[in-house]
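Peer 1: Just need the structure, nothing else, for what follows:
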Amino acid sequence: MKSDQRLRQERLVFYKDDIEKIDKVLAEFLRLSGAKCALLVDKEGHMVTRQGDVKSINMDTISALVAGSFAATKEMAKLLGEEHFSALFHQGERDNIQLSLVGDRTLLTIMFDDRTTVGMVRLYANEACKKLCLIFQEAEANKDRPPSDEVELDSGYGSSAKDKLDDLFQ
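Peer 2: Numbering: from 1, shown residues only. Below you'll find the predicted structure:
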């Protein structure tokens, strides 16, 4: 069984203020690049956050597929003598997806159409990745500090939650 400290070191943990900084970078990226949406997904396939037009997309599915695609491509890179490919591009008839490795644990997933170009997306994605890496370094340095918006739970919370669950399952 892993200790809490070890799990904390292995897990990607962001607090509310980290997510706000990340969202700001993603929103600026979308404004500059003209892309439709940007997702930040960890390598296990869990979405960290997203910005842009994502109404018609199943986020859980796309996050898992993005992680799987990156993992498969990493194995291809190894066969070619590379550690990994830092960016992947998938082109469709209408929509395109670019995946960019951010740090060593997340993927910037960008969906765009013909309203922009691959060149614009790549240019601004590189800048966004650099900014995100700085945010990640700051978050890593502060990970042992409790979050600034920590919420104190009422002493009766546990029994109230238990009562609600009992009502639900009886």
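Peer 1: tell me which residues in stretch 20-34 are buried?
Peer 2: K21, I22, D23, V25, L26, F29, L30, S33 (16 or more other Cβ atoms under 10 Å). Bear in mind the C-beta positions are built from the backbone N, C-alpha and C, glycine included.
Peer 1: got the residues you listed as CSV, with distance to L40 columns?
Peer 2: Output for these, formatted as CSV (distance: Cβ to Cβ, whole Å):
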residue, distance to L40
K21, 11
I22, 6
D23, 9
V25, 9
L26, 7
F29, 11
L30, 13
S33, 15
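Peer 1: Between these, which sits nearest V13?
Peer 2: Here the nearest of the buried residues of stretch 20-34 to V13, counting by Cβ to Cβ, is I22; it sits at 12.8 Å.
Peer 1: And the host helix or strand of the closest one, what does it pack against?
Peer 2: If you go by DSSP states H and E, I22 is part of helix 16-33. Other elements packing on helix 16-33 under the criterion 3 or more Cβ pairs under 8 Å, 6 or more residues apart in numbering; DSSP states H and E are strand 37-42, strand 47-52, strand 106-112, helix 118-141.
Peer 1: what's the angle from the last one to helix 16-33?
Peer 2: Put plainly, it is helix 118-141. For helix 118-141 against helix 16-33, the angle by axes from the mean of the first three to the mean of the last three Cα atoms, to 10 degrees is 170 degrees.
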